[in-house]
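Undergrad: predicted coordinates and the sequence they were generated for:
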Amino acid sequence: MARYTGPKTKISRIFGEPILGNGKYLDKNSNPPGQHGASRKRKSLGEYAIQLKEKQKAKYTYGVLERQFRKTFEEAARLKGVTGENLIKLLEARLDNTVYRMGIAASRPAARQLVSHKHIMVNDVVVNIPSFQLKPGDVITVAGKSKESESFKALMRPKNPKIGWVDFNENSLSGTFVTYPERENVPENIKEQLIVELYSK
């Protein structure tokens, strides 16, 4: 299975929230995709379906496929603390997600592309693995000639001031993964406990 490259609004309509975009089209049509739209009678979801949907939402949000997501969950389960919160922390510590959080890229797919194309360095070493796990204190910088590229600078956006677990200097185009975030500070609307319950079956 390849990474999803289809219509983002379709995925947003499935979950009823803009997990892959700005959600401007949800105002026009917030019904789930499918024939007959709002007139279609839809069954209420069972427990398993609700848990599965929550896992799918997390996978689409962070751009992770099933095998990698499962490995991340297993790593979260081995760590001390609450497994669901550990899962979110590990997803947030991915290199592509951190590049996005810093504002270097406007979206996670764009951040993943920058990493894959060797535009990003970690501790002065080029890293082209989007799933690379950062540790507190790791320094992320834009590599070499990319700093001078106007097209590269056009992709950037202001860093969200609420994202306090990463630091970024726009002048030097470098930042630091300060610490793992606390769950209440991560804005994504994911009920991670449902994912834990799903994998615990």
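TA: Looks like it arrived, so ask away.
Undergrad: which SSE is immediately downstream of the lowest-mean-pLDDT helix or strand in the chain?
TA: In the chain, the helix or strand scored least confidently by mean pLDDT, DSSP states H and E is helix 8-15, which has a mean of 71. Remark: after helix 8-15, the chain's next helix or strand is helix 47-62, criterion DSSP states H and E.
Undergrad: please name every helix or strand in contact with that following helix.
TA: Judged by 3 or more Cβ pairs under 8 Å, 6 or more residues apart in numbering; DSSP states H and E, helix 47-62 is in contact with helix 8-15, helix 66-78, helix 83-92, helix 192-199. Using the backbone N, CA and C atoms, a C-beta is placed for each residue, glycine as well.
Undergrad: go again with 7 Å.
TA: Packing partners of helix 47-62 (3 or more Cβ pairs under 7 Å, 6 or more residues apart in numbering; DSSP states H and E): helix 192-199.
Undergrad: outside of the helix it packs on, which residues touch it?
TA: Ile50, Gln51, Leu52, Glu54, Lys55, Ala58, Phe73, Thr83, Gly84, Glu85, Leu87, Ile88 (Cβ atoms under 7 Å, 6 or more residues apart in numbering).
Undergrad: just the buried members of those?
TA: For the contacts of helix 192-199, a burial check counting by 16 or more other Cβ atoms under 10 Å picks out Gln51, Glu54, Lys55, Ala58, Phe73, Thr83, Gly84, Glu85, Leu87, Ile88.
Undergrad: closest to the centroid, which residue in the protein?
TA: With distances taken as Cα atoms, centre = their mean, Tyr62 lies nearest the centre of the chain, 2.7 Å away.
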